[in-house]
Each structure stands twice: as structure tokens, then as C-alpha cells.
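Peer 1: heads up, no residue letters with this:
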């Protein structure tokens, strides 16, 4: 019987309005590679934050090395050897590699004076442990994502990690870098260090994991050896349903003017020679890795980071989009990638968030905001998009992710755009809401809007779009009609293309 | 769970702006009103002969007005998440230039001099503000640094013009600083009018709405198509205009213009804003709170002087009392916020 390192028993946690985790129990053995899998919003992040002591669970206990913790503090978790590699790595970009690796140790020991020789020695040893060589004096801010990750792992090793939690570690890595990461993970396992690998990429799960734990809507639905699971079984468990082949039927013939036409659109350092047409009623998906230029393309169309070469035509007329105001003038709306920081005014009311774009239509003759018109406008959108709230005067942060996203969409719809760009429209949105948002998007297209959806969620793109464009290193490399391709085939094609990096 | 009441930050529906509504939706206003009344009662009990008299109230109204106008100038920049430290320099520069016009043109044609002086003030203030706005919105310098720079710059320009000397004897403007209508000091009427107009601009116009949203989250406001630069420019220009108006009132009241007049006004104005519930991080607060905070501090300073006038050092004690009041109000605010957060998370 292998030794259990960490045991989480009957963990529940809720936030305002959301049950994030419900009675989740989980054991992690020493030297085991376990994969924690689930959709966005399934409770993965909450679970990680509970085992590293950032959140206190509402119910349940955590046993580490046989010691029971009712109130696990971050410092306890670190002392027990739990190290989390977050997606942002929590590194100090202005410090050197050596300082980043060794400083925690120095601080933990309460050192008041810094011995530079010791710092370098500590850092060198930590890097040696994972058999990696990096320049110790380089500034971390200038290093690649992959190297930052290696530094974060070294730092964890330096602090005698017994369990390393990696939160979606391969998101921004190239295939080669992923291979290096796999090698390191296997190396750690051989040294008896447990790994909890958090991911929603199925191929990684199958390559790495010995055991797979699947969360759905805050509950554990599967906990079994990886060998016993097929991809289909994992998908079914994650989503709770087999993905219905309810694709978007785009029937309108492509006659007449395209709503939007890009001709060799380029922006130095971001993307180059992008050309495609968007017709009314079309939903075009744009996908590719982070850094493939997909978000930059959207920001160029929205005028935030204007293109420097090529032509944008709206209704056949060449237009200049050099500012967000220009984009709005031409009827282009943008639902940003990061809802919380870019899309919403969290502390302000749902209503204020909805009318921000349409306020100028709600003024009375003396230029004052007309309270009655404003109220009517807000109610209209709350009803149209089924935003679940008892009172639109409540702060928008009280809503769940899915309802928040509807508020952002409502904000743009209220200004009656003709082209809507959605970047990651269902990130952090629960499964039920996700389907409803997809429904909203399809409905809008049927009303004649042209829609661009940027996403790395292949099933989502397959369901929502009639055409999918694949971007790689700033170039548009392929275009698929969704009715002509199976989901698996597209996924394979993606992996292939991405692997070429 | 979804019906947990969160802090409401919606501007009140138009047409229903009443004191009652303000109190109902804004705890800060309630607290301040309680403080104002408590201070009035306290000092009236301590000095029934001097404090609650018409003359004293009139005199307090004279003193408080110019600083009140400057506080409103700071408040609007704070609502955008910025600050304007150059208010007092702008006011003094305005006063100096107006005073010069009055001294040179005044003797030959007083009426023309008045028009020119007021006209100059209404141009200089917004120019000073526009320069601040340019530095903040277009160059991207943090407001606290940009306006610290222009604080010195505008004062320096004034010093060059006057060679540091005060300009005395401007009889034309006496009414502006010392006049009264039906017993109410003119500066106080000006202050209330300014507070009302700015209050309505902030709560009822598109620009006001955008000020609050920009202050809440500048990134989201940019991504919502709000022209952040334009909103910031307009805000700092308005701040400069208000500062210039305060400058004219100072000129009238003191019958003099000095580039270094009222150097403590800047910090005092910031203190009134914070006390009045304007969040220095932006997006939260009302002009009504600023008005109450100003009245509270004036009661405190005058009352303290009267209560302690026999003992030495009453004046020093006044500043300590201001500081203490500010800290107490901030602490109460902090703890009541935390309490509310806890109540929400417990549910």
C-alpha cells in the first residue's frame, strides 16, 4: 500500500451565490502523478487554493503527512512541502533568476543581510535538481514563458517540495517545451515527489497521468486510474453530456457585400497578411495558441492596437480603424478576453454596466440622463438576455460568471453593433450558462450580425461557428468549414499545426 | 443567495434626488450629517453665547467657502482616480493676474477692468487645468506627480510676475469676497451654487457617468468605448476653472493677491474630500458628502477656537482635532465596510 501524502476529506466551499466545491474527497500518494481535470468553473482552482491554504473550506478537513488540519494556513502548507506553480508563476520580473529562486528561502530564514554567493549556490543547486541550465544573472522579466516556468519549478524544489501542483502548465508552451516539462515531471516522480497536474487538455492527461480526478460543477465525478479511461469517457464526465452535434447552420448564401473584409491586414510583431470575409449571419471562429496573434487581430479590428498595413472594409468601403472610437463608429463591438478587468465595472451596478455604451440615446432634451428611459433600457436587456438578478441596482460582481458575461454582451448589444467580436466568450462560465451564451450568439447571427469568436475551446468553436480560422505565429494558416470536418479531425489538425512550432 | 444586498453605487434615479434618498443610499452622508449636528450641539452647549449666533454662522460661512470650492475641484479629479495638487497655485496665479489687470486698468475704466479680470480668470484657470489634463491623459504622468510639478510651475510663474511681492488694494472685488445677499455671504452662495451644479453634472450627465466609470476601472471604460483622454481632459479643465473661481473669491476677501497664499489649502482640500467619502482610488463618492465634510471641519475649527480661546495653543489643537476627526471617520468607514463584507460572505 503506497503512502498517502495528502488527503482532503469532504471539502465544501461556496462563494456569494456559487457553490464552488461540494463534498470533494481526494487522496494523493507520494510520488504519484495525478491529473485534476474539469471544465472552467468546475472548481479546480478553488480546490488548489484550499490545499495551499489560501481559501478556508466551509466544511471538511485536510490531512497532510498524517497531520489533520481544520484551518490550513498558507505557511502550514508550505512547511508541509506543498508548492503551487500558478499560471502567472508569481515571480519577480525585475529580479534575476538566482534571486527569484533563492529569495523565498532567505526570507523564510529571517535573514536580514544578503549573501550573494549563497544565493547563487542555492539557485544553482535548485536548477541542478531538475537538470536545467539557465543564466543565473539574467533578469526574469526578459525570459520566455517556458523558462519562467522552469524557474518557478526550481524555486519549488528549493523549498523541499513534496507535492507540486501545476495549474494548467502547458497553456503557453510550444511542443518542445512541453516535452521538457514532461521529462521534469517524470524526474520529480522518481524522486518521490507527488505531482498534481491541473489541465483540461485530454492528450496531456493521457500521456502523463497515473490517476485522473474529474470535477464537474464542484463535485468529484471520476477518480480512477488513467488506464481505465478513454477520451470519450473523460469528455462525458467533464461536460456531463456527450457533445451534441448541434452545429451552427449558416444558410444565407454569400451573395452581395461582405459585412467585413480584411485584405492583407498586418501589424508588426503581432500578425501578418490576414485576409478573410465576414458575411452577415456568419459566425467565424479564430483559434490558435496564445501568442498566435488571435487576440492581437481582434484588438486591431477594435482599434485598440491598430493594424499598420492592409485594408479593412466595412460594407465594401475601406475604413481606417485607429482608435476604439473609430471601431464603434463602424459598428464593431468587442467582448474582451478578461471579463473582470476589461469588460466590467465590478463595483458598479448591473444597470450601469449595461447602459455604458448606450447612454447617449438615453438623454432628455436638456442633455441629462433620463431616469425612466435608462430604467427601461436596463430592464429590456436583463429580460432579453435572461440575466438572473432580482435587482439590477446590485453590483455586477454579485453575479455568477455566466451572468456577468451576459452583462458584457448586453452592453454591446445595447449600442446596436453590426459586427461583434467575442474573445473567449465562455471562459469561467458554468456548463449550463455556456450553452445559453452559445444560443445567444447564434441568435444574434441569425438576426444578421457578423460574429467573430476567438477561443481555444475546440468543441465550442465546432458548435457555434460555421467557419474556423486557424492562426499560427501571426499568420492565418488554415480555414475549415465546420460542416465538412469532424471535431476530432480538427483537434488533430490543431495539434499537428501547433506541434510544428 | 443572489439577493444579498451589495453596496449600491448606482447614481440615484433622476427626479428623485432628495436628501432622504441620498441618506438611504449613502452611509457616509448619514455619518457626516450626524457628525455635523453633533458638533453643532456640542459647541453650542460649550459656548452658547458665541457659537450658535447669526454672526458666528455668517463668519464661518465666509471662511469655509473658498476652501470648499477648492475641495470640489480636488473631488472631481479624485473621482477619476487622480488628484489635483495644483488647485491652490492655480487659484493664486489667477488672483495675481486678475489683480494686475485691476491695478493697471482699474483706475482709468473700472468696468472694463472688472470684465477683463473675470474674463482672464475664466481663461487662465481652464488653461492651467488643460495643461494638467494634457500631462495626465496624453503624456501619461501619474496625476500626483504631474500636478505636483504644475503646483510648483504655476507658483513659479506667479513669482516671476510679482517678484514674490503681494499685490494690495483691489477695491473693485470686495463684494465678491465680502458681500452678502440677505445676510448670506456671497462666497457661500457661490460655493453652494458650484456644489449644486457640479453635483448635477456628476449625477445626471453622460460626462458625469463616465467620470465614475473611468474612476472605477479605466481599462474597462476604455474597452467600453469611453474616450478616457477626453473625460480626463474635461475633468482637469473643470478643476482648473473651479480653482480660478476660488482665486477670485480669495482676491476679493483678502483684498490682496499673493503667490504663496494659503499653502495649507491643498492638503486641507484633500482631507475634506476623503472625509466626505470621495474614494482616492476613484469611482466612489458624492459632492454632497464634500459639502458636509467642509461644514463639519469648519464647525470643529471655529468651535475649538471658541471653547479653548483662553488657553494658549488652541490653534495647534485645532489641526490635531482635524486630523483625529479624519482618522476616526476613516476607521468607522473601514470597519463598517468590513462588517458588511463579512455579513455578505457569511450568507
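Peer 2: Sure thing, it's come through. Note that this is a predicted model, so its numbers are computed, not measured. Numbering: from 1, shown residues only, chains lettered A, B, ... in the order given.
Peer 1: drop to CA atoms for contacts and neighbour counts, all remaining ones
Peer 2: Fine.
Peer 1: check which residues of stretch B:229-241 are buried.
Peer 2: When burial is assessed from 16 or more other Cα atoms under 10 Å in any protein chain shown, stretch B:229-241 yields the following buried residues: B:229, B:231-241.
Peer 1: average pLDDT across stretch A:21-34?
Peer 2: When the per-residue pLDDT values of stretch A:21-34 are averaged, the result is 90.
Peer 1: what's next to it, contact-wise?
Peer 2: A:2-14, A:43, A:46-47, A:60, A:162-163, A:188-197, A:208-213, A:217-220 (Cα atoms under 8 Å, 6 or more residues apart in numbering or on different chains).
Peer 1: tally up the residues packed near the residue in the stretch 301-450 of chain A that chain B sits nearest to, please.
Peer 2: With Cα to the nearest Cα as the measure, the residue in the stretch 301-450 of chain A that lies nearest chain B is residue A:342; the distance is 4.2 Å. Per other Cα atoms under 10 Å in any protein chain shown, the neighbour tally for residue A:342 reads 19.
Peer 1: helix, strand or coil for it?
Peer 2: With DSSP: H, G, I helix; E, B strand; the rest coil as the basis, residue A:342 sits in helix.
Peer 1: ok, it to residue B:227 distance?
Peer 2: As judged by Cα to Cα, to the nearest Å, residue A:342 and residue B:227 stand 15 Å apart.
Peer 1: residue ranges in the stretch 51-200 of chain A under the pLDDT threshold?
Peer 2: Regions of the stretch 51-200 of chain A meeting the criterion pLDDT under 70 cover residues A:171-172, A:175, A:200.
Peer 1: quick one: the helices in it?
Peer 2: For the stretch 51-200 of chain A, applying DSSP state H, counting those that start in this stretch gives helices covering A:74-79, A:97-108, A:116-129, A:145-158, A:175-190.
Peer 1: deepest-packed of those helices, please.
Peer 2: helix A:145-158 (a mean of 23; mean count of other Cα atoms under 10 Å in any protein chain shown).
Peer 1: and the contacts of that one?
Peer 2: Contacting residues not belonging to helix A:145-158 are listed as A:83-85, A:89-91, A:97, A:100-102, A:105, A:122-123, A:125-127, A:129-130, A:132, A:140, A:164, A:169, A:172-173, A:177 [Cα under 8 Å, 6+ apart].
Peer 1: picking that back up, for residue B:46, which of the helices of the stretch 51-200 of chain A is the nearest?
Peer 2: Ranking the helices of the stretch 51-200 of chain A by proximity to residue B:46 (Cα to Cα) places helix A:74-79 first, at 54.2 Å.
Peer 1: narrow the contacts of stretch A:21-34 to those that are buried.
Peer 2: Taking 16+ other Cα under 10 Å as the criterion, what is buried in those is A:4-14, A:43, A:46-47, A:60, A:162-163, A:188-189, A:193-197, A:208-209, A:211-213, A:217-220.
Peer 1: quick check: which of those are also close to chain B?
Peer 2: Restricting the buried ones among the contacts of stretch A:21-34 to those within reach of chain B (Cα under 8 Å from any Cα of the partner chain) leaves nothing.
Peer 1: out of those residues, which sit inside strands?
Peer 2: The strands in this structure, assigned by DSSP state E, contain A:4-14, A:60, A:163, A:194-197, A:211-213, A:219-220 from these.
Peer 1: number of nearby residues for residue A:63?
Peer 2: With other Cα under 10 Å as criterion, residue A:63 counts 18.
Peer 1: so who does whatever residue of the stretch 201-347 of chain B ends up closest to chain A touch?
Peer 2: For the stretch 201-347 of chain B, the residue positioned closest to chain A under Cα to the nearest Cα is residue B:220, at a distance of 4.2 Å. Contact partners of residue B:220, counting by Cα under 8 Å, 6+ apart, are A:341-345, B:214.
Peer 1: repeat that with 6 Å
Peer 2: A:342-344 (Cα atoms under 6 Å, 6 or more residues apart in numbering or on different chains).
Peer 1: who in chain A is up against chain B?
Peer 2: Proximity of chain A to chain B is assessed by Cα under 6 Å from any Cα of the partner chain, with A:17, A:324, A:342-345, A:348-349, A:368-369, A:371, A:394-395 identified as the residues in range.
Peer 1: most neighbours among these, which one?
Peer 2: Counting neighbours by other Cα under 10 Å, residue A:344 leads the residues of chain A next to chain B with 31 neighbours.
Peer 1: could you pull up the contacting residues of it?
Peer 2: In this structure, residue A:344 makes contact with residue B:220, judged by Cα under 6 Å, 6+ apart.
Peer 1: please name the nearest non-neighbouring residue to the residue nearest the centre of chain B.
Peer 2: Nearest to the mean C-alpha position of chain B, by Cα atoms, centre = their mean, lies residue B:71 at 1.3 Å. Using Cα to Cα, 6 or more residues apart in numbering or on different chains and skipping residues adjacent in sequence, the residue nearest residue B:71 is residue B:269, 4.3 Å away.
Peer 1: what distance do you get for residue A:248 to residue A:471?
Peer 2: 21 Å.
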